[in-house]
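Undergrad: Would you be able to build a 3D model of this:
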Amino acid sequence: MTAAATLDRLADRIREEGPPLEVREESFARDTALGDLAAAGPRTASRAGDYAFIVEAVREGYLCHYGRSRILDEPDNDLALLAGDLFYAIGIRGLAELEDLESTGILSDLIRVAAELQASGRQDLAEVLWLGQIVALACGMDDTQKQAVKALEAGQTGAAEALSAWSAGTAATNGLGRAFDIAQTAIDSRPSNF
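TA: Model prediction:
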């Protein structure tokens, strides 16, 4: 499934919901680097299209809550929050349908910890978390990753660097170096109000 097809599938799902959510009729942003990274991993490659869709649904929920939607017409703040919750639910439901409990935990932790980081004004760390959790979804978690996420959540010095190093190393070890670099670049080049 191509990047465009992943977001088109998500837009079609929202069109099925009907008003008050409205999909942009003009071309919308096609950045799906995180979904592409998730789909390329050894844990996810057999269902790559499904995992790309799930990650992009959760990412869209996050963007509705903390930034700007890629596919919706400019909703007001209250509607954006509701839309974000819907996108989160679409993603988590997709994982439930795949019966992937490990990934459900990974994405649930991502949503929860990213919200905590956003609330405490640590938005930059939320993006480090995103990369780490998507690599974990694609390749699997280990104790180093779990400890780094806990340290990041607790605001410990060096936690972001530890999680970043784990993410880059795990991606490289699993042949995802290029996909990881593309996702890292997409996050780094995103405007501060993404």
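Undergrad: Going by C-alpha atoms from here, please, whenever you check contacts or count neighbours.
TA: Will do.
Undergrad: show me where this structure has strands.
TA: Here the chain has no strands by DSSP state E.
Undergrad: Okay, now the unreliable bits of it?
TA: Along the chain, segments meeting pLDDT under 70 span 1-4, 26-29, 190-194.
Undergrad: Let's check: the centremost residue of it is which one?
TA: Nearest to the mean C-alpha position of the chain, counting by CA atoms, centre = their mean, stands residue 59 at 3.9 Å.
Undergrad: so what's it up against?
TA: Applying CA atoms under 8 Å, 6 or more residues apart in numbering, we find residue 59 in contact with residue 88.
Undergrad: Buried residues of the longest helix along the chain, list them for me.
TA: In the chain, taking DSSP state H as the definition, the longest helix is helix 77-98. For helix 77-98, the neighbour count (16 or more other CA atoms under 10 Å) marks 80-92, 94-95 as buried.
Undergrad: Closest to residue 21 out of the residues you listed?
TA: Nearest to residue 21 among the buried residues of helix 77-98: residue 83, at 7.4 Å, using CA to CA.
Undergrad: shouldn't the closest one be in contact with residue 20?
TA: No: counting by CA atoms under 8 Å, residue 20 is not a contact partner of residue 83; they are 9.6 Å apart.
Undergrad: where do the helices sit along this structure?
TA: 3-17, 33-39, 48-66, 77-98, 101-119, 123-139, 143-154, 159-173, 177-188.
Undergrad: Deepest in the core, which of the ones you listed is it.
TA: Among these, helix 33-39 has the highest mean neighbour count (mean count of other CA atoms under 10 Å), at a mean of 27.
Undergrad: Can I get that helix in CSV, CA atoms only?
TA: In CSV, the C-alpha atoms belonging to helix 33-39 read as follows (Å, rounded to 0.1, in the frame of the first residue of the first chain):
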residue,chain,number,x,y,z
ALA,A,33,7.0,8.3,7.1
LEU,A,34,6.0,6.9,10.5
GLY,A,35,3.5,4.4,9.0
ASP,A,36,6.1,3.4,6.4
LEU,A,37,8.6,2.8,9.1
ALA,A,38,6.1,0.7,11.1
ALA,A,39,5.2,-1.3,8.1
